[in-house]
Each structure stands twice: as structure tokens, then as C-alpha cells.
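J.: pasting the sequence and the predicted coordinates here, then a few questions.
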Amino acid sequence: MAEDIDDSSFGLSNIRQNRRYQRVIPGELPGIEHVADAFVPPEENRIIISYIDYSESHIETGFVSNLAEFLAQPMPDWVTTRWFNISSPHPYVINQFRLHFGFHTLTAEDVMHIPQRPRVEFFDDYLFVVLRMLQFTPSEPHAPVAESVLEVEQVSLLLYDNVLISFQEKPDDIWKPIYDRLQAKNARIRKNGTGYLLYALLDAMVDHCFPVLEQYGDILEDLELTVLEKPTQTALHRIHAVKRELSLIRRIVWPIREVVDQLYREEENRMGENTKPYLRDVYEHTIQIVEIIESYREMVSGLTDLYMSAVSNRMNEIMKVLTIMSSVFIPLTFISGIYGMNFKYMPELDQRWAYPVIWVVFIVLTASMLFFFKRRGWLGNNE
Amino acid sequence: MAEDIDDSSFGLSNIRQNRRYQRVIPGELPGIEHVADAFVPPEENRIIISYIDYSESHIETGFVSNLAEFLAQPMPDWVTTRWFNISSPHPYVINQFRLHFGFHTLTAEDVMHIPQRPRVEFFDDYLFVVLRMLQFTPSEPHAPVAESVLEVEQVSLLLYDNVLISFQEKPDDIWKPIYDRLQAKNARIRKNGTGYLLYALLDAMVDHCFPVLEQYGDILEDLELTVLEKPTQTALHRIHAVKRELSLIRRIVWPIREVVDQLYREEENRMGENTKPYLRDVYEHTIQIVEIIESYREMVSGLTDLYMSAVSNRMNEIMKVLTIMSSVFIPLTFISGIYGMNFKYMPELDQRWAYPVIWVVFIVLTASMLFFFKRRGWLGNNE
Amino acid sequence: MAEDIDDSSFGLSNIRQNRRYQRVIPGELPGIEHVADAFVPPEENRIIISYIDYSESHIETGFVSNLAEFLAQPMPDWVTTRWFNISSPHPYVINQFRLHFGFHTLTAEDVMHIPQRPRVEFFDDYLFVVLRMLQFTPSEPHAPVAESVLEVEQVSLLLYDNVLISFQEKPDDIWKPIYDRLQAKNARIRKNGTGYLLYALLDAMVDHCFPVLEQYGDILEDLELTVLEKPTQTALHRIHAVKRELSLIRRIVWPIREVVDQLYREEENRMGENTKPYLRDVYEHTIQIVEIIESYREMVSGLTDLYMSAVSNRMNEIMKVLTIMSSVFIPLTFISGIYGMNFKYMPELDQRWAYPVIWVVFIVLTASMLFFFKRRGWLGNNE
Amino acid sequence: MAEDIDDSSFGLSNIRQNRRYQRVIPGELPGIEHVADAFVPPEENRIIISYIDYSESHIETGFVSNLAEFLAQPMPDWVTTRWFNISSPHPYVINQFRLHFGFHTLTAEDVMHIPQRPRVEFFDDYLFVVLRMLQFTPSEPHAPVAESVLEVEQVSLLLYDNVLISFQEKPDDIWKPIYDRLQAKNARIRKNGTGYLLYALLDAMVDHCFPVLEQYGDILEDLELTVLEKPTQTALHRIHAVKRELSLIRRIVWPIREVVDQLYREEENRMGENTKPYLRDVYEHTIQIVEIIESYREMVSGLTDLYMSAVSNRMNEIMKVLTIMSSVFIPLTFISGIYGMNFKYMPELDQRWAYPVIWVVFIVLTASMLFFFKRRGWLGNNE
Amino acid sequence: MAEDIDDSSFGLSNIRQNRRYQRVIPGELPGIEHVADAFVPPEENRIIISYIDYSESHIETGFVSNLAEFLAQPMPDWVTTRWFNISSPHPYVINQFRLHFGFHTLTAEDVMHIPQRPRVEFFDDYLFVVLRMLQFTPSEPHAPVAESVLEVEQVSLLLYDNVLISFQEKPDDIWKPIYDRLQAKNARIRKNGTGYLLYALLDAMVDHCFPVLEQYGDILEDLELTVLEKPTQTALHRIHAVKRELSLIRRIVWPIREVVDQLYREEENRMGENTKPYLRDVYEHTIQIVEIIESYREMVSGLTDLYMSAVSNRMNEIMKVLTIMSSVFIPLTFISGIYGMNFKYMPELDQRWAYPVIWVVFIVLTASMLFFFKRRGWLGNNE
């Protein structure tokens, strides 16, 4: 039986990632066969299966309503690349594809299970790529940008000679720009093979990281200002949260770099020779992303140091006020206490000049104290 | 003579790992031959030796009561894989198996000695794998979950062409799901060879880590809340303990990754070609586990920082209260002290308006002090 | 449509780096073809295209006004190397060069996009090198040196057999020394081929780092003095800024090292055999630069430690003053308070000797307190 | 002339390592020839040279009194392995062996010089292994265990085809267990060749680390308890010392790992094929030792953090007491000061109810202060 | 025109390293040809050129007064190795050698430029080694040892088949021990070739590090004592300085390791086969030096921690004194204040027993306070 837990990653306020169909009992059977759902068509049909057939000159798109029937038909001759895209896939659908295309039961399990570590696996007749995409989406339809949530979406790609199957975790419209490019008749994407289509999807997914990182750049800039001006506890907690979010993002992005590198270096040339320079380009982008994340992480740890030293400085300020007040008034109080004593024989008490003189003493003492503190630089600001 | 020390790993409150039959005197003879126990059958018979013979079509299970007799009989022809499982093995039994199957005396010693670093060793006619498994078990039969103890159990596996021998440290039922899967007639595990059985055991052991890590995730979440809300010394000690427990878990899990990798890459194909994709799957899981541990370790060190800054902030709060109280009342006390002096000639003392005026001075001074602190932001909260 | 954002790198006060023509929408078409600007000649003509033709014996320099016409003419026979230099390149010009020299559309995109990570790419018929150069320039024409700004300028180089094309981001005169060296008739640069010219440009760019680092050396020395003498918040913020600037510089310089190494090791000998020792020399320089940066980074983190300990020491000083003042005067105040009590039957009050004795007590108490603090070393300085 | 300095490693209280016969003047002649001692027999004869000749069936042991004479005699035919063991070797003896066995002058120097970094060197006709052994020995014959000293002893081994020469720094009895094993007629050590003997010595030396590490485990446990309960300065200094001792031990053990690995991988099979699995076993032990040291180092740095936070917490406690006392009594003192003023016209002074009311005010104020601190949680303990 | 700046490395108090003839303008011509000094003989003749011709049986030493003439003469037949040593070389002399021996213009530049990163460069007909040597020299002729300065001296070596040319930066007598060894007729150095001479120089330079490190060992021991006993700001600044000095030394020594390794591994056997074991010996020494530096760096960072915790402890001490004084006397002062009030109707004031009772109250309160602090352990020492 399938569990469909939809929980946010633990403790992180702003990141939402799902967990689905994970094996629970240690020693359980691996593969998709043991999942009951894999053999029963789902009742509610939220799954959308679209297909695009194209060659350099033709293109045809549509939705698959009856999967079994559609797969039974042979692919038209003119088609150089057929691309299936399945959103929010159900084990049943994954299993149907597996039975038709004959991919490994573990591949089917990996498509089904969320989350997976991004990676590429080379099989005899197909390539399996699983990636995780980052995207800021508003927490509610009309929520302000500040409350947007970082969603992690898993995408699995299977590359056959002239078929590409992509499974996306959520029913959103992430491939829109690719669809648009495919429409153009002389588009480079139509001329090159299935490998180039895979590259285009990879590229789109990697490029999704840039706006996310820009938002983090803004957040860090805000935090830096806050820490420099008014270091509150909340700011520290925010720094702590950002640190963990960046740590998660790094864990998501880091293996993508390796995926692209392995695709670039694979020797059987399944991606197509023309696609190589483009893969190198994607590789450059992942390196850039990783470097930005690293520099953000450095910044975060620098912010923690700044915060701590700001707290120390504030303590210094507080102590200086306390010390100045005490050092000025405690001796004065003592002097006034002396002449508050009730001894019978205190000659000063009876003098006319005594009271004015004591005021002079008060003023001289205060002035010399303040001068002492001034010289120590405790009166000016600590800037 | 055998020592059977059962001590918990030092200082860690929640982890229990045994130490047994370790060589004590430097320069002592290596191997099992020097252990007296290896040649004397144990009196109390706590050792359970089970066997499972199976082929694609048949399966037969049982317990071995007389080991020498059982080993003397030839293996039935129909059997494709025979699996011995020995729980809480005694040197005598290990030695009996060694004499029959002819494995190296150092292998026998490694099976006997606890703890071992997880690793794989390739011999001419067999493969030796030693792993350590993690499991939360209640400290007493009906103890609440919170008091459960993390137990470390050592498992040794010897893979021959069609025989697998597994030695488990404790007499618990860790292979139950595997037994169940073996019962199913057309099960994949029955079709594939002994290598696949080894994989299934590895997989089960690796999967045991996930619930353990989930529990640590919960613990860390709790600790984070505690530190953010009420940072006590106890919380810090708990953080310290978790840090060390994670460090130990990492030392246990990290080499497993290498074990699986070496099995995946071994060139003589002892595991069977079909098993390769499954090993890659286990490898993925170990990578995931290692990554989770790393992110937990990062969290722990983040928590320490949070704790320290919370302590600093609390100090700031305390100092602010002290400074405000002192700065407000010390000058006032001084003024009251002035008019407590007993000078004869203090003109103010005789004025009717003097006492009300001094109250006005008190109030104005207090107000201006509070205004000063307000402007410095010392009166509001530090959030 | 082209965006031409000219923003300084975020948060860093002193570093200015541009961003131009970056792809914005994930999934957008890669390459230069999708950029509308690439096909429309720019209206305002800020682009300067210069060329230098030279052989061992002749040299001819000039500016290209009509690019299409110029490219259409064949290169004179006597020319062994032709060098195009284009400043602040417009997509249209880049595209024209691409159409003539047939370099890859992604190379064209990389020339156009700013910033790029420094790297070298080997194509069948050409080599593509992209680097980033550091230069301190006054923030305004006649601004004092202290307000100078660290500018990052991107330079792209394309090496063909006997043609070198260099694209520089800004219209400044960075190649002046190279021009001068080319004028000399028997100059080594005229005798060696196009590869040596590429080396000369690389060398000039790498050498630009040294004055920049020297300036940072001065800044660090100043900061060290400040921290040792008067550790202000501003100094800490400056340290924090320098840390981030060094971090950025490292990210710019580090990959240059690899670029030079790859050029040194490339096997097809496109750089020319004679150029090899010179490349090794540049490599040495990049290593030196990286080492200097690392030692500066170490210094910065040492400065942070120094700052924090200076703050702690200052706190100690403050506390010592407070403690001495309080410990001396609070007991005295108490004693004076005793004899300020209004009890009827206090025998001391009526004694003639009481008041002098109380003064003796005051003085003895103060002296013993000061002696106590003296012995603890609280009265001397903390040097 | 020989210098024979016997100084303990600097600053470490508990570790004793010697330094002997180190070259002092830069540019001095390398090798043993320049050492005057190498050619003059020592007067006082503290050097003990023992030999063991053995084959599978025979064994003969003895002490060499006249070295030159002994070496001149041919080795009996039945001897498969001859083992010389020299304790506290004198340059003269080393040189005699060098002249007979023809090992390199630098090898002789390395045997003579103490300390050496553990390593293995392969020469054409012999193998040179130098190791350093750790051992806790009581500081004086009957001193309590707590005052035992960690001694570092250097052992040099030369492996020829059927001769093994071992030089041990001190005249202690470290090979006792090996001697015992050699006596047994059918012992594995007698059947295998000289390589196995070398392994047995290595194994004994490596195993000497385990009791040392166990003692450090106990020390760390004690320190942890101390820090948690009563963090004194002394504890911090002890932590600091242990950190440095562990650092030294790591420097001694780390290269041993490499020595064993190189012996395991050496291709000319000088150690004997049968010895390989045993070397792998030693390798496992060194890995375990290194891992234990690493975990101890982690613990030590965790203890430093714990100590620092305990100090901060204690400061918090102190500040809380000060703040509570001051905040409660300073306002009360002010109020009492008001009515200690000597103004003529203070209507309250003459009222009968005034004094009781002022007491009520005192009590209410104190109670509300305490309530305020209670709510802040300052009155309870900080556990 | 040559610049001859002689500045100490920035900010480091105790290290003196020169900078000379560095290229200043980015894009300047590489090599020695552009240096005007290279073609004009220097006026003041501070340069000393010595030569040593030797074979196994003969040796001849002298000084070169007229370089051109000397180089023009053929080398005598009996000479197996000729060694030129040039101190404080002038570009003109370097250029003369270059023109005669035909080494690369970049090599000449590297000899001239100071400082260089230590490295080895292999050319077709010669080997170029540049190293930096460390040496403590008194700051003035008769200055005390404590004020000695660490001088860094650059040495360049060119190895031809039977000629070795060494350029030393300063006119000191660093090769004295080598000269002495060369005089001995049957010296090993005379028997082996030019490669062995190069080794001997390397060895002498590496061995110069040991006394330097020993001095740092002493400095660190002193600092440790200071920090443990009386942690002053000056000690912290000294720690900070030592940290940076060690960092510089590491940057100088680290690449020497690689130089020696490359010489050991070079395949063309230019150093001579017999020299190999000696190079391995030098390599061992560099490893030892690097390890000592690393352990010193660890110690320095441990000292910083110790210092910070000592400062915290001192703060604790101060706060405890303040808190004890305040907590004891503030309540007493309050009580005395109560009975200093001037209310008419205070029944206690008129009682005979009141004054003695108040003294009892004072004493009891003080005692109970002290008991409270005693129990908290604030009265004892913090050891």
C-alpha cells in the first residue's frame, strides 16, 4: 500500500520538499513489483501524460488519455524524437511505461520514490537521470513575495534512442519555454536529436537555480544590514535558518555538477556529438551556482561572527554606562554619607563655608572622574 | 580463555556496543588457534544455527543441532544456495565452520572479535564482509521509546559459490523480512544466486539506519526548540552527547559505503551480473545516509553556536537590568544623601518649597534616565 | 532584447563588476542567435575595433571602420599574425566575427555574457580563453587614491592559427605595453607566433593582480595597527568587507591558474613550443598570487580574533574600574550609614575621639582595599 | 663526537622521547662515517646483542659477546631465519653490522639518529623499516599508575633474505611474546619465513598502541566529568596538554599506516605471499588506531567548547546574583534616604502611620522585584 | 633601470626578506634583455665570484676577477666538476653567465628577481633550482640573541653536466662546511659527480631550518608559560606575530619538499644514481620540518584559545569580587539607612537594646552571605 506523506523538510521554515513511496521496513523487497498501487489504475486521475512527436519538419503534440492503447500503436515513421512528459506520476503509470519500454525495476522505484539524490545511471539501452529543481513559489495564490516558499521538485528523465520520458513531481508548467522553442520550425532543438532535448531540459532545470540564489543574495544583504545596525535575536535565528537552507541547496546542487560531467564524458555518445559543447555550457553554469553557494555560506558564517562581536560591543556599551554612573555617584554618596553622621563633635558641620565647599568638592570630583573616562575614550561612541 | 566484556562505549549515554575476544597482550598470536574456547564445545548452548536451502522451485529450512554431523552430509543436488545463519557465535562454532569451509584463520578471528571496522576482504575462494548495524531497542522490555538505547550489532558474512554463512552478534530476528521474501515461490531472490542473497542482507542492514537517523532528526528538532526558547546547561550537554553519538555513527556508516562500492566494482563477478544494479541502489542509500549524518553534524555545530549566543544575550539582558536600576537610583540616592547631611547652614533645608521641589527633581531625573535608555533601545525586548 | 544592467557586486563597497546579457528566463534558447541585438548594428558607435598585422619584419596597425568590408578582404601574404582587439563589444559585432571566423554560438554567447568564470575551451580550429582582470581605478577622474574602486574587467581571447581576437569589456588602454613591445623590430614577440602573442596578453593580465594585492597589503597593515591600538566597530566592518573582497578576488584568480596550466599542458602545441617556458613563468606568477591571497585571508581571520580579544580586554578594563570603585566606596558608605542612624543610645556618637577615629578607619580600609587590588595586579595596566 | 641528549619533548608533561646523534651543523657530512664513535668500541658495554636461529624444526638462541668473531662464522645450514636484536645500539655496533651486511651509510645513520619519522625504504638487497612505539611506563619503579609516563621508543628493522636485524632504542623486553611464540615447535611463525617474523614484530609494536589509547580514553572521560561538574583552570590546562599529546601520538601513528600499506603492496614479494593477509590485518589495526585518535581529538575540541560555555554560564550566575541584590536593595536604600533628609517641612515625617507604611512599601517593592526576577527565570537554577 | 628595494616583509617584526628587480609595469617584457643593468658592468664591485675545480684526486679553488677572460679559457681536462659561486649577483654578471652557458632568459630573470617561490625547472641541457634559506642573524653585529632577525636568503642553482653555478643573494659564508668537505681527498663528495654536489648544497640549505625551528620552539614554550601565568595583551600580540611568521616559513618550506621530490623522481638521471638515496634523506628532512611547522601552528592556535579562556576566567574573578562586595554591603547599607530616617514615630529608635541588636543583625547577615558564597565556591580560588 502506498503512503503519501507530504511533509516539509524538518525545521526549515521556508523549504518544502515531499517524501513519497519510501521503503519503510528494512529488508523490504526492492523494486516496483511489491507496490500494490503499481498494478491498480488510480481512481482519481490527476496524472497528465502529454507527448510531443517531432522531426526537423513536422511537430505534433497531444495528451494521452488511454495509455495502454497509445503505447500499443507504433510510432509514426517521420518522428525523430518522441517526448513523453508525465506530471505527478502514479506507480501504475510508471509501471505501464516500465512494461512497455523495459526499464529496470529499480529505475521505476527511483522514479516513484521522492526524494532521490541527483544522479545519472547508464544502462545498456537507456540513460536514467534524476534531478531536483529549486523554485520559489508563493505560499498561497496571492501571497506577497516575502512569504514565498522554496519548493524542491524532483524530475526523472529516461533517454532512449529516439524517445525521452520525463516524470515531473508536480503538475506545474516548468517546460513552457522548451515547448515554445520546439514550435519554431528551424529551431536548433528540432534539428538535433533526443540527446539535445535532454540537454535542453537539464539546462532549464539548472537555470532555475539562478533566481533562487538571487533571492538569497537579497536576503543576505538585508541580514547584513540588520546585523550591522540592530543585531536582534531574530536576526540570528534567521541567519541560522539561511545557513541550513543553503546547506540543503548545496546538497541538491552539488551532485548535479557530477551528473552533467558524467553526461559530458560518457563515451558511447548517446547524447550526440553536437550536444557536447552545450553540456559543457551547462557544466559551467553548475560550477557558477556552486561557487555562489559557497560564497553565500562564507558570508553567513561571517555574519555570525559579526553578530557575536556586535553583541559583545553592546555589552561593552552597557558596562560603560554602568561603570560611569557608579564611579561618579558612589564616591559622592559616600561623602554625603559622612556628613550625614550624627557624631556630636564634627567641627565641619558648624562652619558657614562647609556646605558651599562640599558642593565644590562634589563638582571637582565629578569633573575629574569624567575627565578620567574621557581620556580612556569611554565617553565618545565606540564607532 | 575467553573474556566476555559487555561494556557500553565510553561516556555515550545512549549507545551500547560490545567488545569481545579482543587480543589483549601486544605480540600475542594472531588467528583463532590460540583461543582455547575454539576447541572446546560451549556448555550452555545459546548459539542458534539455522540453515535455508533453496532453489528456484524448492526451499527447505531448519535448525542445525549437531553441527559436525550436518556438515559431514553432502548438500542436496537441487540446492542452488545454502544459507547458514549463526547467532551469538561461540569460537568453537566459528572454528568448526573454518575447518569445514577452509577459510583463513584471520577471518575466523575477525568473526569472533567485536568490534571490527566494516570492510570487505577478497580471498581466492570466498568473500568476507563484516558490517555493523544500528538499531534502537528499548532499554527494558516495556520501557518508553524515549529511553530506548542505540545498539550496535556486528554481522559477518562469508560468500562462497553457493553457500552464504552469516554470523550475527545477538540472537535477535533481524532477517525476518528476508525469510519472508524467500518463501514466495517466484521471488526474485530465489531466481538469482548467492550473490543476490548477500545483497539482500546488505540492503536490509543499510536500511536499518534510516529509522535511527529519523529519531536523531527528532532529537535535533527538539534540541533546536529548547535552545531557541530556554537554553539550559542540560541542553548543551545533550548537544554535546548527540555530537559524539553522530560521530560514532559516522564512523560506523562511512566504511559501509566503501564496502558496497568495492563489491560493485569487483571484477571477478562473484556477486552475479544481475545483482550489480541492486548494489548501485544500496550504494545510493549509503550515500544518502552519509549526507544526512553530515547535515546533522552541521546542525549540531550550528546549535552550539546558537546556544553560546543565547547565553551572551541573556548576559546582556541581566546587565541591562542591573545598569538601568543602578543608573536610575544611584544618583537619586546621592541627592537624598545631600539633604541628609547635618550641616548647620544649608539654606534649602528651611524652605517650605524645598521638599516638593526635590520630588520634582527626582521625577525629572528618573524620566530623563528612562528616556536615555529608551533611546538606546534597552527598555524594549531584545527580539 | 538586451538588458544592460551595470550593478556593483552585492554589498561589497569597493568592487565594481558588471553584469550584461545574462540569460534570464530558465529554458531560454542558448547561443547568440536568440539575441535580437546580434543582428541589428548598434546606433551609437562606442565600439572600437583595432587591428595589428605583423611579421618579423613588418608591422601595420589601424582601426576598422567598416567591419564587413574589412573582413571580406584577404589577409596580406606577409602577415604572420593578425590581432583584432574589440573594446566594449556589442552583440552585433561579436556575431559578425562569429559568422566570418565560424566560432561556436556558445563561444559568442560567452564573449557577450558578463561575468564568466575564467577558463579555456579547446575547439577543433580555435582556442577560447576567457579571463577576468583586476584593476584599481579612481572612483572619479580626480578622486584621491583611497577612494579608488576595484574594477573587474572581462577579457575574451580567441586563438586561430594566425589570428588572435581579443574582446575587452571596457574601452580602456590595457594593452599599451604590448603595443609598445610590438613596435620594436627585433622584438621576441614579433619573431614568435600567435601563441606567443596570446601568452603576452595573459601575462599582462596576470601581472595586473600584483598592484591590487599590494594595495590590499597596505589596507591590512593599516587595519592591524587600528585593531592593536583602537579596535572600533568600523574597523571590524572594514575587516569583514576586506574578507569578502579577498574571497571574490580568490574566486577570480583561482581558475586563472588552471587556465594557464591547461594551456601549458595542451598537447596539440597550438601555443608554439617556444612559448612553453613563458607559460610556465605565468603559471608561477598565478601560484604566487594565490599564495599571497591565502596569506591575506589568514591575516584577516587573525585580525578578527585579535579584535574579539581586544574587545574582551576592554571589557575587563571597564569591569576592573567598576569593581575597584564599588569595592572601595560601598563599605565606606555603609560605615558612614551606621553613624547616620538616629538611635538614641549610640555611645560612640557622644565621644570626642569618635569622628577622628572614623576617618582613620576610612583611610585604613581604603588602603587595604587598594593593596588587595594591587596584589591582584588590577591597578597596573593590562599590557 | 657523540652527543647524547636525553630531553623530554618540549612542554609536554607526560611524554618522554629522546633525541640522539642528530646532525647539528647544517652542511655536515651525511652518513655514519663522520661519527667518531662509529669506529671506537664503546667502553661501558650496555649494548646487548641477542640472536635467534630457527627453522621449522630447530631453534637456537644466545647472546653475542664478540661481534666480529660471531659475524665471521658462516650461518649453519639448517637455519632458515636468523634474527639479531640489538638494544640501545652504539654507533660502533651499527657500523660493524653495516660493514658485514653492506647496508647503506644513510640507513646506518637513520638507525643511529633518534627520532626518525616512521617509514619503509626499499633497497636492492634489503628492506629498511623504522617505527616508533608507544608505551606507558611508571615514572619511577614503584610510582602509582597515574604518574606513569608515555615513552616513545624507536625500533629499526632490516630485512634480508633470511636475516632480520632489529635495533631497539632501550634495553627493555618488548619482544617477550614473540620469543615465547618462537619456542613452540609447530608455531606458524617457525613455518613461515623472515617476512613473517618482520610482520610479527610490526604487529606487536602496533598492538602496543591500544593500551595507551585506552588510558587516554579514561583520561578524557575523567576530564569530561570534571568539566561538566566543576570547570577549573587546571582542567583546561589538562585538556590543552592532552590535545598536544594526542597530536604527537597521531604524528607517530599516522605514518605507520603507510609503512604497513607499502609493505602490503610491495611487488617483489619480499614479505612472502602467506604474510599478505596478516599485513592486511595489521593495516586494519592501524586504521582503527587512527580512527580512535581522530575521535579523541574531536572529543578534546568538544571539551574545550564545553569548558568555555561552562565559564560563560558561571559568569551568568554571578551576574544574576549581583543584579538581584542590587535591584532589590538600591531602590529601598533610596527610599530610606528620602526620609533621612533633613528638610524642615516634610509632612510625612510627623505622621504616626508613616513608619509602618514605609515598611509596607519596602516589602511590596521587594516582593514585586522578586516576582519580576522569578518570571524571568533568574531565581531558579540554570540547569 | 634597476630598483633595489630592501624592505622587510610587511608587518612581521622579526623576518627580513628583500625584494629586488621585480617587474613593475604589467605587460612589461619578460626576460633579462630589457634590464638596462644587464649590459652595463656595475661600478662598485661588491660581487664575489669564486670557483672550485675538482676531481677525485685534484682540487683547485680561486676567485674570478675578470669574468669574460675566465669563461673564455677552456676547462682543464682533469676537472670532473667545476662549481661557480656568485654572491649578491648583479644583472650584468648573470647575463654574462647566460651568454656563456646559454641558459634561458627567463631563468636569468628568475635568478635576478627576489623573491621567487622555491621550485625546480627542467630544461634540455640544464636543471634550474631556486630555493629560499632561513637563518637567524643578530640584528646588529653585537646585538643579544633575543633581538636576532630571521633572514630569508634566496639561492639559485644551475646544474650542467659537469658545471654547477650557484647564485646566493647575500655575501655571507653559507657554504663553509661544503668547502671543508671538498678539501678531504677521499671525500665521498669528490668521488660522486656534479649531482652529488647539488645534493650537498640542498642538504645544507634544508638543514638550516632546524636551528630556526628550535628557536621557535623555545619562543612557543615561553609564550605558553606566559599565557598560563599572566596573560597580557603583549603576549597575544606576540602569539599573533608568531602565527604569521610560521605561516611565512611554511610558505617557504612547503615547496622545497616538492623540489626535492621532483629531483628524486626525475627520470633522466641527471643527479646520478648514487645520489638518489641521499635525496630521499633530504626529502625525509623536509617532511620532518613541515611536520614540526604544522605542530607549531596547532600549538599557536591552542595558545590563542588558552589566552581567551584565561581572559574569561579573569573576568569571572573580577565579577566575583564585585558581586561579593556589593551583595554583602548593599543590604547592610539599606538597613542602616532605615534607621537614619527622620520619622517621628519609630519605636525602635528609643530602645536601649536597639543599637546592639542592629550590630547583631549586621554580623549575622554578613556571615550568612559569606556562607552562601562559600557554598557556591566563589570564595576559594578558581584553580
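T.: Received it, and whenever you're ready, just let me know what you need.

J.: in chain A, which spans are helices?
T.: A:67-72, A:91-101, A:105-112, A:176-183, A:188-191, A:194-207, A:209-229, A:233-265, A:276-338, A:354-375 (DSSP state H).

J.: how far away is the most centrally placed residue in chain A from E:Gln73?
T.: What sits nearest the mean C-alpha location of chain A, by CA atoms, centre = their mean, is A:Ile249, with 4.1 Å. According to CB to CB, to the nearest Å, A:Ile249 and E:Gln73 sit 72 Å apart. Quick note: C-beta positions are derived from backbone N, CA and C, even for glycine.

J.: is stretch A:220-238 in proximity to chain D?
T.: No. Under the criterion of CB under 8 Å from any CB of the partner chain, chain D is not reached by stretch A:220-238; the shortest gap measures 15.1 Å.

J.: about what we covered before: now the helices of chain A as TSV including distance to A:His58 and mean pLDDT?
T.: Below are the helices of chain A laid out as TSV (distance: least, CB to CB, whole Å; pLDDT from 0 to 100):
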stretch	distance to A:His58	mean pLDDT
helix A:67-72	18	89
helix A:91-101	23	92
helix A:105-112	29	91
helix A:176-183	11	89
helix A:188-191	9	88
helix A:194-207	15	93
helix A:209-229	34	89
helix A:233-265	28	90
helix A:276-338	24	90
helix A:354-375	87	92
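
J.: nearest to B:Leu67, of these?
T.: helix A:105-112 (38.0 Å; CB to CB).

J.: okay, the angle between that closest one and helix A:91-101?
T.: Going by axes from the mean of the first three to the mean of the last three CA atoms, to 10 degrees, helix A:105-112 is angled at 140 degrees with respect to helix A:91-101.

J.: could you list every helix and strand in contact with helix A:105-112?
T.: For helix A:105-112, the contact count by 3 or more CB pairs under 8 Å, 6 or more residues apart in numbering or on different chains; DSSP states H and E identifies helix A:91-101, strand A:127-137, strand A:149-159, helix B:276-338 as packing neighbours.

J.: touching it from outside, list them.
T.: Outside of helix A:105-112, the residues within contact range by CB atoms under 8 Å, 6 or more residues apart in numbering or on different chains are A:20-21, A:30-33, A:35, A:38, A:89, A:91, A:94-95, A:97-98, A:116, A:121, A:123, A:128, A:130, A:156, A:158, A:167, B:277-278, B:280-281.

J.: so for stretch A:69-82, what gets flagged as buried?
T.: A:Phe70, A:Val79, A:Thr80, A:Thr81, A:Arg82 (16 or more other CB atoms under 10 Å in any protein chain shown).

J.: now swap in stretch A:93-110 and tell me
T.: Applying a neighbour-count criterion of 16+ other CB under 10 Å, one finds A:93-98, A:101, A:103-110 buried in stretch A:93-110.

J.: quick one: end-to-end length of it, please.
T.: Using CA to CA, to the nearest Å, the end-to-end distance of stretch A:93-110 comes out at 14 Å.

J.: what does stretch A:307-316 contact?
T.: A:227-228, A:231, A:235-236, A:239, A:382, B:308-309, B:312-313, B:315-316, B:319, C:233, C:236, C:304, C:307-308, C:311-312, C:314-315, C:318.

J.: chain neighbours aside, what residue packs nearest to the residue in the stretch 201-350 of chain A that chain B sits nearest to?
T.: Among the residues of the stretch 201-350 of chain A, A:Ser336 lies closest to chain B, at 3.4 Å counting by CB to the nearest CB. Nearest non-adjacent residue to A:Ser336, counting by CB to CB, 6 or more residues apart in numbering or on different chains: B:Gly337, 3.4 Å away.

J.: try A:Tyr126
T.: Per CB to CB, 6+ apart, closest to A:Tyr126 is A:Tyr160, 5.1 Å.

J.: the one you found against A:His100, yeah?
T.: No. Judged on CB atoms under 8 Å, A:Tyr160 makes no contact with A:His100 at a distance of 10.9 Å.

J.: ok, and what's touching stretch A:212-222?
T.: Taking CB under 8 Å, 6+ apart as the rule, stretch A:212-222 contacts A:134-136, A:150, A:238, A:242, A:245-246, A:249, A:289, A:292-293, A:296, A:299-300, A:303, C:10-11.

J.: quick check: residues of the stretch 51-200 of chain A near chain C?
T.: A:Ile174, A:Trp175, A:Lys176, A:Pro177, A:Ile178, A:Arg181, A:Ala187, A:Arg188, A:Ala200.

J.: just among these, which is most surrounded?
T.: Neighbour counts for those, by other CB atoms under 10 Å in any protein chain shown, peak at A:Ala200, which reaches 25 neighbours.

J.: now do the contacts for it.
T.: Counted by CB under 8 Å, 6+ apart, A:Ala200 has contacts A:Ile178, A:Arg181, A:Ile189, C:Gly27.

J.: ok, 6 Å please
T.: Neighbour list for A:Ala200: A:Ile178, A:Ile189 [criterion: CB atoms under 6 Å, 6 or more residues apart in numbering or on different chains].

J.: A:Tyr278 now?
T.: Contacts of A:Tyr278 (CB under 6 Å, 6+ apart): A:Tyr199.

J.: likewise for A:Thr333?
T.: A:Thr333 touches B:Thr333, B:Phe334, B:Gly337, C:Thr333, counting by CB under 6 Å, 6+ apart.

J.: and D:Lys374, which of the helices of chain A is closest to it?
T.: helix A:233-265 (22.0 Å).

J.: what helices or strands is that closest one leaning on?
T.: Applying 3 or more CB pairs under 6 Å, 6 or more residues apart in numbering or on different chains; DSSP states H and E, one finds that helix A:233-265 contacts helix A:209-229, helix A:276-338, helix B:276-338.

J.: nearest to chain D: which residue in the stretch 251-383 of chain A?
T.: A:Gly340 (6.7 Å).

J.: how near is A:Ser247 to B:Glu294?
T.: 9 Å.

J.: of the two, who's got more company?
T.: Using other CB under 10 Å as the criterion, A:Ser247 and B:Glu294 rank with A:Ser247 on top: 18 against 14.

J.: how close does the residue lying closest to A:Pro89 once chain neighbours are set aside sit to B:Ser301?
T.: Leaving out its chain neighbours, the residue that sits closest to A:Pro89 by CB to CB, 6+ apart is A:Phe167, at 4.7 Å. Distance, A:Phe167 to B:Ser301, by CB to CB: 37 Å.
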